[in-house]
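> 3D model of this:
(2 chains)
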Amino acid sequence: MRVVLAEDLFLLRDGLVRMLEAYDFEVVAAVESGPELTRALAEQRPDVAVVDVRLPPSFTDEGLQCALAARRDRPGLPVLVLSQHVEQLYARELLADGSGGVGYLLKDRVFDAEQFIDAVRRVAAGGTAMDPQVISQLLSRRARDRPMARLTPREVEVMELVAQGRSNTAIASRLVITERAVAKHTSNIFGKLQLPPSDDDNRRVLAVLAYLDRG
Amino acid sequence: MRVRRTLVAAVRGLGLAPAVELGSVTLFVLAVVSLALIVVGVGVLTTPVVLFWARRYAQLRRVWGYDLAGVRIPADYRPFPAGLGHGPVSQARRCAVLLGDPATWRELLWLPVDASVGLALVLLPPSLVGYGVGFVLLPVLEGLTGIGGYVLGLGSLPAEHPWLLFTLPVLGAGFLLLARYANPALIRAHFLLAAVFLTPPRAELAERVARLTETRYDAVDASAAELRRIERDLHDGAQARLVAMGMSLGTIEALVEKDPAQAKELLARARQSSAEALTELRDLVRGIHPPVLAERGLGDAVRALALRMEIPVEVAVALPGRLAAPVESAAYFAVSEVLTNAAKHSGADRIAVGLRHADGRLRITVSDNGRGFAPTGPPPGGGTGLRGIERRLGTFDGTLAVSSPAGGPTLVTMEIPCA
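This next block holds a predicted model:
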């Protein structure tokens, strides 16, 4: 799988390249600034981009802006955004087009290589990978909203993992329940959030969006 | 000695006169024309240039005033906002700052006075000396050449006013005597006149100095307290965790072959520790300068703040772009404090925040639909929170106003000048 990587700190960039290559990704470009990232994304057309939010030359949210712009040019381009901090505001912007293939993780998550690689794969496959911290902020805040209040504690747990972008299989093994039980919980959740069943694969993304939009 | 000072004053007066006349008249005329042209728009671009030169000119006169007559003329110009470029918009903002500055109007009032009374004051010393000498020498001059009257511009003296030949030397001697005592004082008077017009009013200055002193102490106190907090947080938090991690790693080194199972357990704990250190550092950074504020500016930083609140917060932003970083930071923490207050004490279930930049002021409103507190009663938190915000804003000459009748609603308004 071809990856474009953007990270301005040499140590982290180097570490990420090593890690990705150890898991059989092909890092076709490892760049350190916004303009370079934009060029690499256009030329290399990677399967997934791993991007730091804050990049030179502006050292503001250049990486996020480049990623969003690239997704406008090429809808559904899988982008995993890494950041020293996570904000719902940015999560909302990334998920806004509802087409999936986005991730937004704290940089700390690379500590757990397997989880991190799993997130890259999920994003590359068109799924989502939201940082548990975004989700927990979201859920604690939404606890007062009526649709959320109707979720049972178990459903909240399931919702948390759905929002992170995990598959039913992964949720089942995490919560030590059967996949059928997970499917039942998720369909209950979608019902309570008034998300009608459809052929859209990204109903899970929409569930997260539904939370974000209720803000 | 006295003679020398008298002559020096005369020469200085002679030198100053054309400079005064040319500078003051030209600049006054240009300024009036330029101000009149503001009506048709062109003036907005030319006025800053003209007023800039007027300032340079006034500054030059300040220097001369001190060098030539020992008169100190203080200057008090308002600073221009940072980041002004060369475009017409920047020029218009410059124009607005200049026209809003009382110093500009003091200068414009001074220019015509300087060109008339001021000119007379610098012309008197050389005239007294010149005419004094001329009048005293008139009989000799007339006797030698017969054209002394013409030289002094009095016509043919012996023919028209023969008695002047004898009275004028007496007058001339009087002029010279006057010059001897008055010349340096006249030059000094010229600069004192300028000082009268150009010196900022004392009361205004004193008030400003008192306020600046107070807010400076506040700012120093606040930043010292902040540094202490950061030091303590680092010392008790991240630093301690890193030490613990180092110790764990040392132990692991010793255990890795003897007891791999325990080494593994310790490794897991060390990783946990590093994650916690990161979380603490992140919180610390957020407390010093929130990342969103650095990345996106005040508008989005307040939006992000609103998203983290438990109570729904509506945010309306009308900002032209990024503000100066210290203003952004002060405004952000003020909003954060007010929001926390409202969430904790008001019992509101809806809060609205408005950010607007207009007329060179950042205006922030925070309103909630809670129960309020009577303005006479103690505000929630013993008022320390509000006092803290006031101090924070005070550093920027900002103000805080709270309207909170018992039963609500509460409206907090904050304003920070930031032209």
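
> Which positions in the stretch 251-400 of chain B make contact with chain A?
Counting by C-beta under 8 Å from any C-beta of the partner chain, the residues of the stretch 251-400 of chain B lying close to chain A are B:271, B:274-275, B:278-279, B:282, B:285-286, B:291-292, B:294-296, B:300, B:303-304, B:307-310, B:312. To be clear about C-beta, it is placed using only N, CA and C from the backbone, and glycine gets the same treatment.

> go again using 10 Å as the cut-off
For the stretch 251-400 of chain B, the residues in contact with chain A (C-beta under 10 Å from any C-beta of the partner chain) are B:271-272, B:274-279, B:281-283, B:285-286, B:290-292, B:294-297, B:300-301, B:303-314, B:322, B:349.

> Not counting its neighbours along the chain, what's nearest B:Arg78?
Counting by C-beta to C-beta, 6 or more residues apart in numbering or on different chains, B:Arg78 lies nearest to B:Asp101, which is 4.5 Å off, once chain neighbours are set aside.

> which ones are touching the one you found?
If a contact means C-beta atoms under 10 Å, 6 or more residues apart in numbering or on different chains, then B:Asp101 has B:51, B:55, B:76-80, B:107 as its contacts.

> Repeat that for A:Leu5.
Contacts here follow C-beta under 10 Å, 6+ apart; on that basis A:Leu5 touches A:12-13, A:16-17, A:20, A:25, A:27-32, A:37, A:40, A:46, A:48-52, A:80, A:82.

> where does it land in three-state SS?
Classification of A:Leu5 by DSSP: H, G, I helix; E, B strand; the rest coil places it in strand.

> Show me the strands in chain A, by range?
Under the criterion DSSP state E, chain A contains strands at A:2-6, A:26-31, A:48-52, A:79-83, A:102-106, A:128-130.

> for chain B, same thing?
Counting by DSSP E, chain B has these strands, from start to end: B:313-318, B:351-358, B:361-368, B:399-403, B:410-417.

> Would you mind giving the strands of chain A as JSON lines with distance to A:Glu157 and mean pLDDT added?
Formatted as JSON lines, the strands of chain A follow (distance: least, C-beta to C-beta, whole Å; pLDDT from 0 to 100):
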{"stretch": "strand A:2-6", "distance to A:Glu157": "32", "mean pLDDT": "96"}
{"stretch": "strand A:26-31", "distance to A:Glu157": "36", "mean pLDDT": "96"}
{"stretch": "strand A:48-52", "distance to A:Glu157": "28", "mean pLDDT": "95"}
{"stretch": "strand A:79-83", "distance to A:Glu157": "24", "mean pLDDT": "94"}
{"stretch": "strand A:102-106", "distance to A:Glu157": "20", "mean pLDDT": "93"}
{"stretch": "strand A:128-130", "distance to A:Glu157": "15", "mean pLDDT": "89"}
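
> Turn those into a markdown table, including distance to B:Val44.
Below are these laid out as a markdown table (distance: least, C-beta to C-beta, whole Å):
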| stretch | distance to B:Val44 |
| --- | --- |
| strand A:2-6 | 44 |
| strand A:26-31 | 45 |
| strand A:48-52 | 44 |
| strand A:79-83 | 44 |
| strand A:102-106 | 47 |
| strand A:128-130 | 51 |
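
> Quick check: the closest residue to A:Ala6 other than its chain neighbours vs A:Glu43, distance?
Excluding the flanking residues, the one nearest A:Ala6 by C-beta to C-beta, 6+ apart is A:Leu37, at 4.2 Å. Using C-beta to C-beta, to the nearest Å, A:Leu37 is found at 11 Å from A:Glu43.

> Give me the residue at the spatial middle of chain A.
A:Gly103 (1.8 Å; C-alpha atoms, centre = their mean).

> can I assume that residue is in contact with A:Gly165?
Yes. When contacts are counted by C-beta atoms under 10 Å, A:Gly103 is listed as touching A:Gly165 (7.1 Å).

> Can you check which residues contact both of the two?
Shared contacts of A:Gly103 and A:Gly165, counting by C-beta under 10 Å, 6+ apart, come down to A:119, A:122-123, A:127-130.

> Kindly indicate which of the residues you listed lies nearest chain B.
Of all these, A:Met130 has the smallest distance to chain B: 14.2 Å, by C-beta to the nearest C-beta.

> ok, that closest one - contacts?
Contact analysis of A:Met130 by C-beta under 10 Å, 6+ apart lists A:86, A:88, A:91, A:94-95, A:102-105, A:119, A:138, A:160, A:162-166, A:205, A:208, A:212.

> so which of those are also by chain B?
A:86, A:88, A:91, A:138, A:212.

> what's the closest of those residues to B:Gly118?
Nearest to B:Gly118 out of the ones next to chain B among the contacts of A:Met130 is A:Gln88 (C-beta to C-beta; 65.8 Å).

> Just confirm the closest one contacts A:Val134, I think it does.
Yes. Counting by C-beta under 10 Å, A:Gln88 does reach A:Val134; the two are 6.0 Å apart.

> Which helix or strand in chain A has the lowest average pLDDT?
Lowest mean confidence among the helices and strands of chain A (mean pLDDT, DSSP states H and E): helix A:146-149, at a mean of 62.

> quick one on the thing from earlier: of the contacts of A:Leu5, buried ones?
With burial judged by 16 or more other C-beta atoms under 10 Å in any protein chain shown, the buried subset of the contacts of A:Leu5 is A:13, A:16-17, A:20, A:25, A:27-32, A:37, A:40, A:46, A:48-52, A:80, A:82.

> check contacts around the nearest residue to A:Gln84 once chain neighbours are set aside.
The shortest distance from A:Gln84 to any non-neighbouring residue, by C-beta to C-beta, 6+ apart, is to A:Lys107 (5.6 Å). A:Lys107 makes contacts with A:7, A:9, A:12, A:16, A:52-53, A:82-86, A:116, A:131, B:278, B:282, as judged by C-beta under 10 Å, 6+ apart.

> any weak-confidence spans in chain B?
B:82-83, B:146-161, B:203, B:374-384, B:419 (pLDDT under 70).

> what's near enough to touch A:Thr186?
Applying C-beta under 10 Å, 6+ apart, we find A:Thr186 in contact with A:155, A:158-159, A:161-162, A:168, A:171, A:203-204, A:207.

> now it: how far from chain B?
Distance of A:Thr186 to chain B, computed by C-beta to the nearest C-beta, to the nearest Å: 25 Å.

> Let me have the strands of chain B in TSV, adding mean neighbour count as columns.
As requested, the strands of chain B are exported to TSV (neighbours: other C-beta atoms under 10 Å in any protein chain shown):
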stretch	mean neighbour count
strand B:313-318	15
strand B:351-358	18
strand B:361-368	21
strand B:399-403	15
strand B:410-417	20
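
> what about those strands, which gets the closest to B:Leu121?
Using C-beta to C-beta, the nearest of those to B:Leu121 is strand B:410-417, at 39.2 Å.

> Contacts only, for the residue in the stretch 151-300 of chain B that chain A sits nearest to.
Among the residues of the stretch 151-300 of chain B, B:Glu295 lies closest to chain A, at 4.2 Å counting by C-beta to the nearest C-beta. Applying C-beta under 10 Å, 6+ apart to B:Glu295 gives the contacts A:53-54, A:58-65, A:83, A:85, A:87, A:90, B:301, B:304.
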